[in-house]
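Peer 1: pasting the sequence and the predicted model now:
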Amino acid sequence: MSSSDADRQLEIFFFPFTAYGHMIPIIDMAKLFAARGVKATLLLTPHNASIFSESIDRERLLSGLDINIQILGLPFGEAGLPEGIENIDDIRSPDMLPKHFLAIQSLQQPLEQLLEKHRPDFIVADMFLTFATEAASKYGIPRFVFHGTGFFPQCIEETLVSHKTHEGITSDGEIFVVPDLPDNIKMTRLQLSDHLRGNDAFMTEAWVHVRESEKKSYGILVNSFYELEPAYAMHYKNVLSKRAWSIGPVSLRNRNNMDKAQRGKKTSVDEHFVVNWLDSKEPHSVLYICFGSMYSRLSKAQWHEIALGLEYSETSFIWVIRNIKQEEEESSLPEGFEDRMNANKKGLIIKEWAPQVLILDHPAVGGFMTHCGWNSLLEGVSAGVPMVTWPMSSEQFYNENLITTVLKIGIQVGVEKWNSWIKDLKDVSVKKEKIADVVSRLMGDGEEAKKMRTTAKELSDMAKEAVEEGGSSYENLTALIQEFMMFKKPSTATN
Ligand code: UDP
């Protein structure tokens with residue numbers, strides 16, 4: 001590469017889907033690129049920009065990164081969305097989801113205007129922003145896809161879509177093996193998404209577009225690290241023939257407490273208070289419970305059962321509660337539960353939004369009860385904590401398999417059914433006795449728990465090594481940036 005190549009600054013646009021589980025990692029990713037000298041521009045809608053602007057400004061002003069935000073507006077009225085609904089997190093009924101997707105499609109024109117004006121070298125756009133490939137190609141700009149999940153879940157999904165194994169079985173509860181994968185992964189039809197089972201025409205159609213636009217893209221950026229899922233990283237590239245670079249875990253970009261605490265919504269609890277609370281606990285003694293960024297898909301009765309299960313287990317815990325209806329938060333807990341937990345300092349309940357990475361990284365945390373969202377999985381792995389798996393929807397049942405069957409760093413709580421929305425407020429899928437049992441096993445001193453702790457610690461070390469100089473993700477990012485430079489000005493490459 002010539003010296004003029006080396007001096008030239010690349011500009012990359014990062015365009016996330018409007019959900020925290022997609023925005024948070026893409027923003028971390030933009031920071032990672034910016035830390036390597038790239039000019040990183042994030043495309044965000046007005047409300048979402050206001051949520052992330054403080055942490056972006058801090059990176060620019062304190063760390064000197066060339067990172068900024070460009071605002072794209074969403075047409076609320078036209079899509080039949082109430083004012084201010086810019087985020088999947090704000091959605092309160094299933095019928096609003098298609099409207100949200102349609103509103104997002106209308107961002108193509110403002111995106112094209114920005115591309116025309118700024119002419120970035122590349123654009124990294126979320127898988128659901130399918131129009132980005134076409135918009136970018138109008139200006140000769142290559143598009144990268146970001147799925148938000150890892151190799152393992154994508155390998156399972158792609159295999160099921162092509163082999164249709166789930167269609168050839170007799171009942172929803174029958175166990176089948178996902179074929180042609182490196183491990184013996186067992187699933188039931190009940191654990192599969194509505195769109196895969198043909199029960200959600202809108203999302204089935206959306207996924208067809210995702211695949212088509214991915215095929216026309218330059219490649220895929222994966223928030224994972226090779227050592228976590230080597231067989232699936234290879235399968236993805238060699239069997240499924242996808243061009244992919246793993247550059248994560250991107251959350252490890254956040255090194256100090258403030259960066260760890262400010263990833264997403266403003267936390268509803270003072271982070272110093274949380275750290276002090278954890279400081280008063282023994283190492284590995286606290287279970288952290290959080291079911292992701294979306295409002296809870298659990299029934300009021302199930303919340304009640306979790307509270308009782310935690311109390312039975314006598315384990316210290318931090319529990320993030322996010323209910324769709326705030327009044328249900330109080331009434332879904334057993335009488336006097338919160339007061340008892342406060343009085344004996346057994347449990348800390350955080351309503352709305354917790355500083356998750358800050359909590360997971362604290363030495364007092366010894367376990368994570370998770371809905372198995374991909375970011376949570378990676379954040380748990382990076383922190384070296386074993387997990388109790390409570391999958392709900394999206395690709396979370398695949399991720400549960402990675403945690404428990406492949407990596408062997410978790411125990412399944414025993415949820416059997418994929419469910420993207422609360423159907424029955426009295427529905428209890430896991431009883432308090434089972435919850436208490438798995439929590440005690442995970443947090444206890446039995447051989448099973450000790451083994452999981454050791455493996456989790458090894459994986460955490462590997463995750464940290466992967467993002468350091470010489471590590472797999474670090475070097476993938478280096479190779480990618482070099483490829484970008486060649487792509488930008490091929491003639492100078494021969495100088
Ligand atoms: N998160 C957080 N505080 C919360 C809830 C979630 O910081 O109270 C963050 C979490 O650290 C993760 C993201 O939100 O980075 C959730 O992504 P994930 O893929 O785990 O689940 P999703 O919400 O997309 O289902």
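Peer 2: Everything's here; your move.

Peer 1: and Ser137, how far from Lys216?
Peer 2: 7 Å (Cβ to Cβ, to the nearest Å). Every residue, glycine included, has its C-beta placed from N, CA and C.

Peer 1: what do you get for Lys266?
Peer 2: Taking Cβ to Cβ, one finds Lys266 at 38 Å from Lys216.

Peer 1: what of Met369?
Peer 2: 40 Å.

Peer 1: compare those two (neighbour count), which wins?
Peer 2: Shown here are Met369 and Lys216; by other Cβ atoms under 10 Å, Met369 has more neighbours (26 against 13).

Peer 1: what sits opposite Ile321 in the beta ladder?
Peer 2: Lys351 (DSSP bridges).

Peer 1: from Ile409, how far off is it?
Peer 2: Relative to Ile409, and taking Cβ to Cβ, Ile321 is found at 25 Å.

Peer 1: more neighbours: those two, which one.
Peer 2: Ile409 (28 against 23).

Peer 1: surely the more buried one meets Thr454?
Peer 2: No - if you go by Cβ atoms under 8 Å, Ile409 and Thr454 don't touch, sitting 9.5 Å apart.

Peer 1: what's around the closest residue to Arg297 other than its chain neighbours, how many residues?
Peer 2: Spatially, and ignoring its direct neighbours in sequence, Arg297 is nearest to Met392 (5.1 Å; Cβ to Cβ, 6 or more residues apart in numbering). Met392: 22 surrounding residues under other Cβ under 10 Å.

Peer 1: just say helix, strand or coil for the residue in the stretch 101-250 of the chain positioned nearest to the ligand.
Peer 2: At 6.7 Å from the ligand, Gly148 is the closest residue in the stretch 101-250 of the chain, using Cβ to the nearest ligand atom. Secondary structure assignment for Gly148 (DSSP: H, G, I helix; E, B strand; the rest coil): coil.

Peer 1: ok, now which ones touch it?
Peer 2: Neighbouring residues of Gly148 by Cβ atoms under 8 Å, 6 or more residues apart in numbering: Phe17, Gly21, His22, Pro25, Asp126, Met127, Asn223, Trp374, Asn375.

Peer 1: 6 Å - rerun?
Peer 2: Neighbouring residues of Gly148 by Cβ atoms under 6 Å, 6 or more residues apart in numbering: His22.

Peer 1: how near is it to His166?
Peer 2: Taking Cβ to Cβ, one finds Gly148 at 23 Å from His166.

Peer 1: Phe122 too?
Peer 2: From Phe122 to His166 the distance is 36 Å (Cβ to Cβ).

Peer 1: those two: which is more packed in?
Peer 2: Phe122 (23 against 19).

Peer 1: grab the nearest non-local neighbour of the more buried one.
Peer 2: Leaving aside its sequence neighbours, Phe122 sits nearest to Ile12 (Cβ to Cβ, 6+ apart; 4.8 Å).

Peer 1: check which helix or strand covers that neighbour.
Peer 2: strand 11-15 (DSSP states H and E).

Peer 1: helices and strands of the chain: which one bottoms out on pLDDT?
Peer 2: The helix or strand with the lowest mean pLDDT-type score in the chain, counting by mean pLDDT, DSSP states H and E, is helix 3-7 (a mean of 52).

Peer 1: looks to me like the residue nearest to Arg297 is in a helix.
Peer 2: No - the assignment for Met392, made by three-state DSSP, is coil rather than a helix.

Peer 1: hang on, it packs against Leu298?
Peer 2: No - with contact defined as Cβ atoms under 6 Å, Met392 does not count as touching Leu298 (7.7 Å).

Peer 1: now stretch 185-199: average pLDDT?
Peer 2: Averaged over stretch 185-199, pLDDT sits at 95.

Peer 1: look up how far the ligand lies from the residue nearest in space to the middle of the chain.
Peer 2: Nearest to the geometric centre of the chain sits Asn375, at 3.0 Å (Cα atoms, centre = their mean). Using Cβ to the nearest ligand atom, to the nearest Å, Asn375 is found at 3 Å from the ligand.

Peer 1: kindly report the same for Met485.
Peer 2: For Met485 relative to the ligand (Cβ to the nearest ligand atom), the value is 31 Å.

Peer 1: what about Leu466, how many residues nearby?
Peer 2: If you look again at residue 466, you'll see it is Ala, not Leu. 25.

Peer 1: which of the helices or strands spans it?
Peer 2: Going by DSSP H and E, Ala466 is in helix 447-467.

Peer 1: for burial, what's the neighbour tally of Ser171?
Peer 2: 8.

Peer 1: tell me which element it falls in.
Peer 2: Counting by DSSP H and E, no helix or strand carries Ser171.

Peer 1: so where's the stretch 1-150 of the chain uncertain?
Peer 2: In the predicted model of the stretch 1-150 of the chain, residues 1-7, 76-79 satisfy pLDDT under 70.

Peer 1: that older thread, ok, the residue nearest to Arg297 to Ser376 distance?
Peer 2: 12 Å.

Peer 1: low-confidence ranges in the stretch 351-495 of the chain?
Peer 2: Counting by pLDDT under 70, the stretch 351-495 of the chain shows low-confidence ranges at 422-425, 489-495.

Peer 1: again, 80 this time
Peer 2: Counting by pLDDT under 80, the stretch 351-495 of the chain has low-confidence residues at 421-426, 487-495.
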